[in-house]
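Asker: with the sequence up front, the predicted model follows.
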Number of protein chains: 2
Amino acid sequence: MARDIQERIKRLIIDGRLASGAPLPTEPELMELLGVSRNSVREALKALQAMGIVEIRHGFGTYVGPMSVAPMIEGLTFRTVAGHYRGEDSLLQLLELREAVETGLIARLVGRVPDTDLAELDALVQKMEREAAAGAVAADTDRTFHATLYRGLRNPLLGEVLEAFWDAFHRVRTGLVDVPPDPRVTLRQHREILDAVRSGDAIGAERAVREHFGNIRARLGSTVAVSEVEHGGQ
Amino acid sequence: MARDIQERIKRLIIDGRLASGAPLPTEPELMELLGVSRNSVREALKALQAMGIVEIRHGFGTYVGPMSVAPMIEGLTFRTVAGHYRGEDSLLQLLELREAVETGLIARLVGRVPDTDLAELDALVQKMEREAAAGAVAADTDRTFHATLYRGLRNPLLGEVLEAFWDAFHRVRTGLVDVPPDPRVTLRQHREILDAVRSGDAIGAERAVREHFGNIRARLGSTVAVSEVEHGGQ
DNA sequence: AAGAGTCAGCTGCTCTAACCAACTGAGCTA
DNA sequence: TAGCTCAGTTGGTTAGAGCAGCTGACTCTT
């Protein structure tokens, strides 16, 4: 029955052609509309909120959610953290997921990145340069580089999904096994990727991306081994 | 504060190194353990259930969830359906997401699919043959083909994600704009993909996958146009 | 008249208490 | 021994009350 309430609220959104941010009925209104108690309404809303379908603002109202893939990040992160603590190589699997997808996509990107994006990527590499000189490349710079790069694929959904993978990986890595990579290596590899994409070298671009991930994986390998010993198998 | 309760329940799972299926405290126990009312406990559990982190069985108990990417399907599906009804090309975007990822991955697959999987794929194509002769290829056969194919990448997480994309696309397509593709074309294209993968022809495999998606996209294009008129933009 | 402060009213949030419904497993019956 | 029944445990739902955050209109001051 709780399932049914969720479906009916979903129908409200779909049948009403409501866009993100549109206001939904208040809790008392939903009670009467659906003929259920307040608790049931709230539990359904909580579940929908967890899926990013609705957004609840205390003292203000309930609204149609952003419909982003953000909830996916939450789920992936938890799954990976839980697996890690149980001695599984879940973080490595997540990294390999990113590697498989990004290396597969990079070839499609060659020659399709607009000049404005290339200019932005140049600026980001320069920013990395400054940060590397200062000690470490900021996470956000790396994130923005990847996001800007794959923007060239002209599929916002794909961009969101890749960002979600990046976020989940980054959150688990910094939270559990923080061994920041050598900033100079990071800088060089990003520059290589950008150069290959710009010059239309599909093979080179793919190799550069693979090397980039290979670097991260190598760093991860030693750390995971350590943390496995720490936490013990079982 | 509700957020806090969720986090504390997550910690129970992580700190306890609990595997999928492990029992969680009952609602009254959680009340006392967390020092909150039953309502709050239940709302937190509902949210965690929506994320696939816990599994609730009426009259039995609460357990650690399967930690699959299943919730992602739910979210993606709703997002796509809602967008579609609002006149967006969300279904096309979802298809393009699959196309981009699968065409990117197919080259990595060439020569890496074990013989046992190739045999299974052969059997699936034969099954498709029989189904095509009878009128239409069963959805499940198509799904299993893709799942078995990408199993060769040896990354269960990646397999799950691809299956999630497939499910979401299929659910929206059959639910909204069901125009089944020509079964003979579907059959031929799957056979081409399998042949190319088996013979180590990376270029050919990629082209075959791209053609496969091109076929689906063409079918979709006409239908989406129709349904846009039906529902009217805005 | 213009601005800032206040408060009434909505909103969602939490709690208590009671009863309903589903499932399990021990005990009873045949 | 095999099957059934029922009591106990668990989650599901309802009801009513009060708490907490936000908004917007009203009022008081300048």
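Answerer: Sure, I can see it. Please read all numbers here as calculations on a predicted model, not as lab measurements.
Asker: quick check: mean pLDDT of the helix or strand hosting residue A:210?
Answerer: Of the helices and strands defined by DSSP states H and E, residue A:210 is found in helix A:202-231. For helix A:202-231, mean pLDDT rounds to 78.
Asker: same check, this time on stretch A:29-45
Answerer: 96.
Asker: how far off centre is it?
Answerer: How far stretch A:29-45 lies from its chain's middle: 33 Å, per C-alpha atoms, centre = their mean, to the nearest Å.
Asker: start to end distance for that stretch?
Answerer: 13 Å (C-alpha to C-alpha, to the nearest Å).
Asker: cool, stretch A:101-119 as well?
Answerer: 24 Å.
Asker: is it in proximity to chain B?
Answerer: Yes - Stretch A:101-119 lies within reach of chain B by C-beta under 8 Å from any C-beta of the partner chain, at A:101, A:103, A:104, A:105, A:107, A:108. Just so you know, the C-beta spots here come from the backbone N, C-alpha and C atoms, and that holds for glycine as well.
Asker: the first one and residue A:159, how far apart?
Answerer: This points to residue A:101. Distance, residue A:101 to residue A:159, by C-beta to C-beta, to the nearest Å: 12 Å.
Asker: all strands in chain A, in order from the N-terminus.
Answerer: Here chain A has its strands, by DSSP state E, at A:54-57, A:61-64.
Asker: report the buried residues of the last one.
Answerer: Just to be clear, that refers to strand A:61-64. Using 16 or more other C-beta atoms under 10 Å in any protein chain shown as the test for burial, strand A:61-64 gives A:62, A:63, A:64.
Asker: likewise the first one?
Answerer: For strand A:54-57, a neighbour-count test (16+ other C-beta under 10 Å) marks A:54, A:55, A:56 as buried.
Asker: and of the residues you listed, the nearest to residue A:180?
Answerer: Taking C-beta to C-beta as the measure, residue A:180 sits nearest to residue A:55 out of those, at 34.4 Å.
Asker: surely that closest one meets residue A:67?
Answerer: No - under the criterion of C-beta atoms under 8 Å, residue A:55 makes no contact with residue A:67, lying 9.9 Å away.
Asker: between the buried residues of strand A:61-64, which sits nearest DNA strand C?
Answerer: Closest to DNA strand C out of the buried residues of strand A:61-64 is residue A:62 (4.2 Å), distances taken as C-beta to the nearest atom of the strand.
Asker: which residue is the nearest non-sequential neighbour of residue A:135?
Answerer: Of all residues not flanking residue A:135 in the chain, residue A:183 sits nearest, at 6.9 Å (C-beta to C-beta, 6 or more residues apart in numbering or on different chains).
Asker: touching, that neighbour and residue A:132? I think so.
Answerer: Yes - when contacts are counted by C-beta under 8 Å, residue A:183 is listed as touching residue A:132 (3.8 Å).
Asker: got a pLDDT number for the spatially most central residue of chain A?
Answerer: In chain A, the residue lying closest to the centroid (C-alpha atoms, centre = their mean) is residue A:164, at 1.3 Å. On the pLDDT scale, residue A:164 is placed at 97.
Asker: show me chain A divided up by domain.
Answerer: A:2-64, A:70-231 (automatic domain parsing).
Asker: for residue A:186, which non-adjacent residue is spatially closest?
Answerer: Using C-beta to C-beta, 6+ apart, the nearest residue to residue A:186 is residue A:137, at 5.2 Å.
Asker: DNA strand D contacts on chain A?
Answerer: A:1-2, A:35-40, A:43, A:57-60 (C-beta under 7 Å from any atom of the strand).
Asker: save the strands of chain A as TSV, and put in distance to DNA strand C and mean pLDDT too.
Answerer: Output for the strands of chain A, formatted as TSV (distance: least, C-beta to the nearest atom of the strand, whole Å; pLDDT from 0 to 100):
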stretch	distance to DNA strand C	mean pLDDT
strand A:54-57	4	96
strand A:61-64	4	96
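Asker: chain B versus residue A:201, what's the distance?
Answerer: Using C-beta to the nearest C-beta, to the nearest Å, residue A:201 is found at 16 Å from chain B.
Asker: around DNA strand C, pick out the residues from chain A.
Answerer: Close to DNA strand C, as judged by C-beta under 7 Å from any atom of the strand, chain A has residues A:26-29, A:38-39, A:42, A:45, A:56-62.
Asker: so what's residue A:148 up against?
Answerer: Going by C-beta atoms under 8 Å, 6 or more residues apart in numbering or on different chains, residue A:148 touches A:117, A:120, A:121, A:124.
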